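In: Okay, predicted coordinates and the sequence, questions at the end:
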Amino acid sequence: MAQAQWREYAYNQRAVRDVERAGLALKVFEMVSRERGPTNAMLGSDNPALSSQVQALAVARSNSDAAIAQLRTSIQQIAGFEVAGQLAALDRLGETLAQARSRVDELIAQSLPRRNGDKLDAVIDGMIAVATQASPIVSRIAQPVERYGTDLNDAVVAALVAAELREQAGQLGSQFTRALARREALTPGKSTVIDRIMGQLDIRRDEVFSRTSRCCSSPTISTAIAGMDKQYFGAGLGLAGQMRQSWQDNDLPTLTTGEFAARYVPTMDSILQVRDKLLEAATEKAQANSRAAGNNLIRLALLAALLIALLIAPVIFFVYRLLNTLTVSAGIIKALAVGQLEIAIPTPKRQDEIGDVMQAIAVLQKNSVDHRNLEDERQALLAEQQAIVIAAPYGIAMVRGMLIVQANARLDELLGYAPGEQLQRSPLIWTDQIMSVEAMIQLDLHVRETLDRGEIFHQQMQFCRKDASRFWASVSARAVAPGHLSSRGSIWIIEDVTAQHAVVDEMRQARLLAEDSARIKAEFLANMSHEIRTPMNAIIGMTHLTLMTELSERQRDYLSKVQSSSQHLLGILDDILDVSKIEAGKLELELRDFSLLQLLEEVLDQVRPHIAEKGLDMRLSVAVDVPERVAGDPLRLRQILLNYLSNAVKFTERGLIRIEVRLRQALADGSLLYFSVTDSGIGLSSEQVKLIFQSFQQADTSTTRRFGGTGLGLAIAKQLAELMGGQVGVESVLGEGSHFWFEVRLQLARSAVPEGVTVRDPLGDWRVVEGTRILLVEDTELNQQVASELLQAVGCRVDIAADGSLALRRLAKERYDLVFMDMQMPVLDGLAATRLLRQQPGLSTLPVIAMTANVRKSDHEACLAAGMNDFVSKPFEPQTLYAALQRWLPGALIYQERAVVSLSPPVPMMGCANADLNIEGLDVAAGLRRVQGKHSMYADLLQRYLAGQSSLMSQLSAALAVGDLEKAQLLVHSCKGISATIGANTVAQAADALEQLLRAKRPQDELHIYIEAFAGPLEVLLGELRKRLSLYVEVEHAPLVVDAVELQTVCQHLIVLLGSFDIQAVDYFSIHADLLRGASPTRFQRLENAVKLFDFDTAQVCLRDILLAYEAGE
């Protein structure tokens, strides 16, 4: 009962506060509406700078701001979910009010003629919009009053309607102010607006009267309503009606905006008096309810005090009994705590709270006894497990935190360690004398990932004993608690399988011998096939020549059969030759572009005569998503299709043969295509299906007599399909027909060259359409240089942004055809930048290609999920970069014929032979390939790499010292990418392993060995580069004896290339750079800059200047 009375009191207190808050909201509504009066007066004034008008506007604005601030403070005191929404709505109102004021100030600053027209309409409408926006906010804040009863709610709603009535009156005044300010006649459109507002005024007046009569009819409110009817609905609307009638009669009013406001605005105050009386009535009602609830609460408190006084005597007695029981209970609990579990506990005499305490102590005693028994059982179980581990025939170890914490005797014996000698050492001691550091790092990462997933790691590998002897071990491991590997550890079981491995080696040797025998047989068949083909070609040729002479019918029949048999025998020899090549591993597939549809037509042309001869139907179905041009071996693809089709025609007497081509899977570098041939022929049994793709197998022995054949065709087709990255299969029903299919992987066509045009080097023959713009978003300067020069080599205009934030700024200002986006960058990474980019209008379809050194599937999926279209892995090969351009800018690529220019052999890089850069772990050939063989560019990359990475380890140590793993990961990730670009594969691999641990946020004590594995090869590489590149500095600008004839030839040839804007001019310039520098060192720098910027016109002028200067002896 007391709780209910308290809730009622709190309920009525909230009602008082909510009514007060509704009043504050109506005050905001009033002040915003009132602000429009002095605003309209100034807008229509010839002299808006009058101090009285300026002061009136300033006061109105100050009142609006004060009302909004007071309402905000009141809302912030609410404890409820609606606070955030109300504050946000109030913020939006404030923003709209500020924007409207700004437009008012801007217009007032102009002269009166410039304020007329559309500008004035827009400003007045903006001020009306502020009040319009305020109305729903006020309704929302006043809405909680609904829960306090109909009378209270009607009073607040009536006050709200009165406020809206006053706002409508203000809007009507704004319409007349607008017309007075513009000094123009009333248009039909404005007349309609005024009629609508006047109609709404009557509706709202009736609603105020209706709600007032229901909830709070009183003399004061009736008087206020009567005053409103007299002052506003009589005088105010009467003035408005007179002005409207004057306008309709084309008699413009003589009032100014100030005069109109002085007569009209005071009449609207009578509306506010009605609103204020209604709010006072609502407040008085809420406060009366609160006072009644408070009185009830006081009476209830007095009653409770009396009851407490009546009950206190029994409580004293109960406390006495309770203290006595607690003393006994405390003694029993102390005994239990010291292990005296057999102590006797008194049986409770009464079933009350004291009895419950004694029963609880008895339960505690029982639980303690049970716990002791369970602990005894656990210790016994541990002893049994320990006995099993000790007696196990396998080595068993517990590894926790990269340390061996337990090892049984069998493991010590297996590895040659004394008992306990392995403990607290890394398990890497088992393999450290066999595996390299890089291999151990990769193995450790693989083991961790497997165990963290809750899977069992199992592998056979070589282990090393303490005395350095080796043996083969079968290793199995499992995490004690997956996901908590560092804290809970893992169990390892190790078994010596050296004997079993020896057996496997013997079997492997036997298999190799068998494969050698098969290869020798295949080579013999190949040689024999070639030997037989030579006389067979002579037989076929001579037979053909003889058939061209005059022969009798019998002779012609004999020779025709000889010719037919020879052709059949030649086909058999071709099949045997293919089988022998495949088995000997000598069959090489060709890779060239071809038209798939044209190949299909050629295949069908070959079998059409046989199909027509047997009266069969043939249908070809090619799916719309199958690429028209592909790259692969068209000869071998044609061979498989012809074999399938020939068999279908051979074994089908009537009915239909259907050929189908579908796209099975779109790949990053091509397509997996599905081909099938379905016939209605004799079909195959289930046993025949199992054997049909084996060599020398046919449907049955009768086919040899009836249909002919060697049984090699399908076997060859299967092996060719597998060589082309696919597979074969068949579904068949005996007597109903067969469905033969195969899949092959075909690459993307390297160009869209029309038939008859030879495909050349993509850099020479392909260029992008002039004006194609690429945005390269990459933070590493070295990668910026490589990618930009490769793209500029095919004519792209390349802009560079060092992070995602700069990229977004560029995209907001300029148009680009494609974006290459690095994934990991400072400030804003590629994934976040792409997500923001996709939200911008006009950029949702812009091709964005990720450039990432992360080759894991999850990284690629993250790129696509962020909105990227494709990805290019670092280090990127030139052809990979251009393939991406061709995929996403197909319409921007054009084919150009060019004159073939004979270039001189490349000069040694940087004045050094390649042998000078024979550094362990540096693949110079791969690095040169990624810069298209440009030695000078590769040398520049090495110089940049040396300068940029020399301080890497100190930066990495500083980041780790402050626990900034994110920065450390970014440093290592950047080093991984640029190391792979220059061919420093050892450093790149070690960086990749370290980056994975940093990404997983491993503890620093686990990172130590990986940091050493990364720092070692990096320091070796940097040290070697310092020595080799320093030698180059000494000889780079050594004096060069210039041959005048050679200089003349080189310059003229380079001028021709520059004049035709041939991209080979860049390579030709790089090759002969030393010669040109020696001819004129002072002019060479300008020439080099022009070539690098692809300003070929300026480069031609520079070349001619060099020639003239050299001939003049300058």
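Out: Happy to help now that I have it. If you're wondering where the values come from, they're calculated on a predicted model, not measured in any experiment.
In: Name the residue closest to the centre of the protein, please.
Out: Note on the chain: the residue nearest the mean C-alpha position is residue 866, at 2.7 Å, using Cα atoms, centre = their mean.
In: separation between that one and residue 829?
Out: 10 Å (Cβ to Cβ, to the nearest Å). Heads up, the C-betas are built off the backbone N, CA and C, glycines and all.
In: With residue 243 instead?
Out: For residue 243, the distance to residue 829 equals 65 Å [Cβ to Cβ].
In: next one: residue 615
Out: Between residue 615 and residue 829 the computed distance is 67 Å (Cβ to Cβ).
In: Of those two, which one has the most company?
Out: residue 829 (19 against 9; other Cβ atoms under 10 Å).
In: Just to check, the more buried one is in contact with residue 823?
Out: Yes: contact criterion Cβ atoms under 8 Å: residue 829 and residue 823 qualify, at 6.4 Å.
In: which residues in the stretch 151-300 of the chain form helices?
Out: 188-215, 219-230, 237-248, 257-264, 269-337 (DSSP state H, counting those that start in this stretch).
In: can you put those in CSV and add mean neighbour count?
Out: Compiled in CSV, those are given as follows (neighbours: other Cβ atoms under 10 Å):
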stretch, mean neighbour count
helix 188-215, 16
helix 219-230, 16
helix 237-248, 16
helix 257-264, 18
helix 269-337, 15
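In: Go through those and name the closest to residue 20.
Out: Nearest to residue 20 among the helices of the stretch 151-300 of the chain is helix 269-337; the distance by Cβ to Cβ comes to 6.9 Å.
In: about what we covered before: I'd like the distance between the residue nearest to the centre of the chain and residue 860.
Out: Plainly put, residue 866 is 11 Å away from residue 860 if you go by Cβ to Cβ.
In: quick one on the thing from earlier: tell me which of the helices of the stretch 151-300 of the chain lies nearest to residue 569.
Out: For the helices of the stretch 151-300 of the chain, proximity to residue 569 was assessed by Cβ to Cβ; helix 188-215 is nearest, at 98.7 Å.
In: Check which helices and strands the closest one is in contact with.
Out: If contacts are counted by 3 or more Cβ pairs under 8 Å, 6 or more residues apart in numbering; DSSP states H and E, helix 188-215 sits against helix 150-182, helix 219-230, helix 237-248, helix 269-337.
In: Any idea how far the first one is from the middle of the chain?
Out: From the chain centre to the centre of helix 150-182 is a distance of 53 Å (Cα atoms, centre = their mean, to the nearest Å).
In: Spell out the residue ranges of the helices in the stretch 801-950 of the chain.
Out: Counting by DSSP H, counting those that start in this stretch, the stretch 801-950 of the chain has these helices, from start to end: 804-813, 830-838, 857-865, 878-888, 924-930, 935-949.
In: Kindly list the single helix or strand of the chain that scores lowest on mean pLDDT.
Out: The helix or strand of the chain with the poorest confidence is helix 762-765; it has a mean of 41 (mean pLDDT, DSSP states H and E).
In: after the helix or strand hosting residue 721 comes which helix or strand?
Out: Using DSSP states H and E, residue 721 sits within helix 713-723. Following helix 713-723 in sequence order, the next helix or strand is strand 727-733 (DSSP H and E).
In: For the strand or helix carrying residue 127, name the packing helices and strands.
Out: Using DSSP H and E, residue 127 falls within helix 118-142. If you count contacts as 3+ Cβ pairs under 8 Å, 6+ apart, helix 118-142 packs onto helix 2-43, helix 83-108, helix 150-182.
In: Counting neighbours, which bits of it end up buried?
Out: Neighbour counts over helix 118-142 (16 or more other Cβ atoms under 10 Å) mark 120, 123-124, 126-128, 130-131, 133-135, 137-138, 141-142 as buried.
In: any idea of the mean pLDDT in that helix?
Out: Average pLDDT, helix 118-142: 75.
In: and if you look at stretch 10-19?
Out: Taken as a whole, stretch 10-19 has a mean pLDDT of 73.
In: what do you get for stretch 800-817?
Out: The average pLDDT for stretch 800-817 rounds to 91.
In: please begin residue numbering at 812 from this point
Out: Yes, from this point I'll number from 812; that puts the last item at stretch 1611-1628.
In: okay, how far is it across it, tip to tip?
Out: 14 Å (Cα to Cα, to the nearest Å).
In: Buried ones in it, by neighbour count?
Out: Across stretch 1611-1628, burial judged by 16+ other Cβ under 10 Å covers 1611, 1612, 1613, 1614, 1615, 1616, 1617, 1618, 1619, 1622, 1627, 1628.
In: got the contact list for the last one?
Out: Neighbouring residues of residue 1628 by Cβ atoms under 8 Å, 6 or more residues apart in numbering: 1583, 1584, 1585, 1658, 1700, 1703.
In: Let me know the closest of the residues you listed to residue 988.
Out: Nearest to residue 988 among the contacts of residue 1628: residue 1584, at 53.4 Å, using Cβ to Cβ.
In: ok so, going back, include distance to residue 1868 when you put the buried residues of stretch 1611-1628 into JSON lines, please.
Out: Putting these into JSON lines (distance: Cβ to Cβ, whole Å) gives the following:
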{"residue": "1611", "distance to residue 1868": "27"}
{"residue": "1612", "distance to residue 1868": "32"}
{"residue": "1613", "distance to residue 1868": "33"}
{"residue": "1614", "distance to residue 1868": "37"}
{"residue": "1615", "distance to residue 1868": "39"}
{"residue": "1616", "distance to residue 1868": "40"}
{"residue": "1617", "distance to residue 1868": "35"}
{"residue": "1618", "distance to residue 1868": "34"}
{"residue": "1619", "distance to residue 1868": "39"}
{"residue": "1622", "distance to residue 1868": "35"}
{"residue": "1627", "distance to residue 1868": "29"}
{"residue": "1628", "distance to residue 1868": "27"}
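In: Noted, bye for now.
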